[in-house]
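J.: here's a sequence, model it:
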Amino acid sequence: MKRVVDIGLLLSGSGMYAALAGASRAGVLRGVDEVNADPRLDVSFRVVERDPEGRLDRYAPLCREILRESGARHIFGCITSASRKEVIPELERFDGVLWYPVPYEGFEASEHVAYMHACPNQHLLPLLEWALPSLGKRAYLVGSNYIWGWEMARIARERVMAAAGEVLGDRYLPVGDTDLDHIIQEIRVLKPDFILNSLVGDSSYAFLARLAELKQEAEFDKGPTVLSCNFTECEITSAGEAAEGLVSAGPWFEPNGGSGGSFHEMARQSVHELASLLHGRPRAEVLPLPELLRSAISSGHKPRLDPEHHHARQPTIIARLENGRFREIKRLPTLRADPYLTARSHSLQGGPWLKVVP
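T.: This is a model prediction of the structure:
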């Protein structure tokens, strides 16, 4: 007979990144259904859900509520890095674990977070290594004005400069802001080879729409290619045809034209990963994450999470959005996460060695 384990779900059903949260929520719930229906597993999950409604100030209180008022010690959720950082003190206070199934900027390794999507050595660096020789070395960076946008731009700037490239602009918008006149005008004047778009949600959709309008002008008919490490299939409907031609990097793209993308799939896989760690280990759900991983490894299980820093191994896929579907351009083998970019990375074109440190 299966034992029942409570898990938390902390994702927003509304707000400017609701499409991303909706895909992750659907992935978690699908994973729960699959685990509960699997007779090979001795564990089943019961979901305790709270909705922050896209408000940053609600994440910590609702995380605290789940941990204090239910038996859940493992919570699946958060989309933005800002919300993840809001809940970490609560996880530390109440011995909880956040399963974070979306891409992020790296430079973090909490004992209370399972990082189940990609970090920069698994998304941004491979994307730039493809883009710089393929598209050109004149880059323009735009992102949401918080740690995701800042760190993505910092890493990209260092990589572009190491490849003897040039960063023409580095601009930020408040989360959800759609006032883009100054950015579009700057792009019109500077004419970059490519744009790294690290905007989130509504800001990103508005930017892509304005850029599509710019490409209607004769001198921009081909226009700069937009690169992204956080745009997936779950946003295609929101962005519309303006997103056509965008090149994205991630661990997974829909093979048959589905709409969930990697936000859905990594959330689903996260549920299965927890189930495999708990299977055959009664009361293991109360163990701290490092101890849970050590216990699993000692019994012969090979978790996807690295016991050193709790990031998952991931492949890297680079794909272009064409006719409403992502088409694979390049695939790299599964790679160990390097959240602090401690491994030396040789620049393109034989330039100097670059080491990025925290």
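J.: for Ser198, give me the pLDDT.
T.: pLDDT, Ser198: 98.
J.: identify the bridge partners of it.
T.: Counting by DSSP bridges, Ser198 is bridged to Gly143.
J.: gap between it and Ser81?
T.: 11 Å (C-beta to C-beta, to the nearest Å). (C-beta placed from N, C-alpha, C; glycine too.)
J.: neighbour-wise, which of the two wins?
T.: Taking neighbours as other C-beta atoms under 10 Å, Ser198 and Ser81 compare with Ser198 leading, 26 against 23.
J.: on contacts alone, who are the packing partners of the longest helix seen in the chain?
T.: Counting residues, the longest helix found in the chain (DSSP state H) is helix 18-37. Counting contacts by 3 or more C-beta pairs under 8 Å, 6 or more residues apart in numbering; DSSP states H and E, helix 18-37 packs against strand 3-10, strand 43-50, strand 74-77, helix 261-278.
J.: what lies in contact with that helix?
T.: For helix 18-37, the external contacting residues (C-beta atoms under 8 Å, 6 or more residues apart in numbering) are 2, 7, 9, 11-13, 15, 41, 43-45, 47, 54, 76-77, 79, 101-102, 200-201, 232, 234-235, 237-238, 259-261, 263-272, 275.
J.: and if you look at stretch 293-305?
T.: With contact meaning C-beta under 8 Å, 6+ apart, stretch 293-305 is reached by 114-116, 269, 273, 276-277, 280-281, 284, 287, 307, 310-313.
J.: nearest to Glu151, of those residues?
T.: Nearest to Glu151 among those, counting by C-beta to C-beta, is Tyr115 at 14.2 Å.
J.: Ile79 and Glu241: what is the separation?
T.: Applying C-beta to C-beta to Ile79 and Glu241 gives a distance of 24 Å.
J.: which one's more surrounded, these two?
T.: For Ile79 versus Glu241, the count of surrounding residues by other C-beta under 10 Å is larger for Ile79: 29 against 13.
J.: can you tell me the SS state at the more buried one?
T.: Under the three-state scheme (DSSP: H, G, I helix; E, B strand; the rest coil), Ile79 adopts coil.
J.: below-threshold pLDDT in the chain: ranges please.
T.: Applying pLDDT under 70 to the chain flags the ranges 344-358.
J.: okay, now the domains of it?
T.: Domain segmentation of the chain under automatic domain parsing yields 3-118+258-298, 124-255+314-354.
J.: can you give me the strands for the stretch 101-250 of the chain?
T.: Using DSSP state E, counting those that start in this stretch, the strands of the stretch 101-250 of the chain run over 113-115, 138-144, 166-173, 194-198, 225-228, 247-250.
J.: tabulate the ones you listed in a markdown table, adding columns for distance to Ser299.
T.: Below are the strands of the stretch 101-250 of the chain laid out as a markdown table (distance: least, C-beta to C-beta, whole Å):
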| stretch | distance to Ser299 |
| --- | --- |
| strand 113-115 | 18 |
| strand 138-144 | 42 |
| strand 166-173 | 47 |
| strand 194-198 | 40 |
| strand 225-228 | 40 |
| strand 247-250 | 31 |
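J.: which one of the ones you listed lies closest to Ala337?
T.: With C-beta to C-beta, the closest approach to Ala337 among the strands of the stretch 101-250 of the chain belongs to strand 113-115: 7.1 Å.
J.: hmm, back to that, quickly list what's touching both of Ser198 and Ser81.
T.: Shared contacts of Ser198 and Ser81 (C-beta under 8 Å, 6+ apart): Trp148.
J.: distance of the nearest residue to Tyr172 once chain neighbours are set aside from Ala82?
T.: Spatial nearest neighbour of Tyr172, chain neighbours left out: Asn145 (4.0 Å); criterion: C-beta to C-beta, 6 or more residues apart in numbering. Computed as C-beta to C-beta, the Asn145 to Ala82 distance reads 10 Å.
J.: that's all I had, so thanks and see you.
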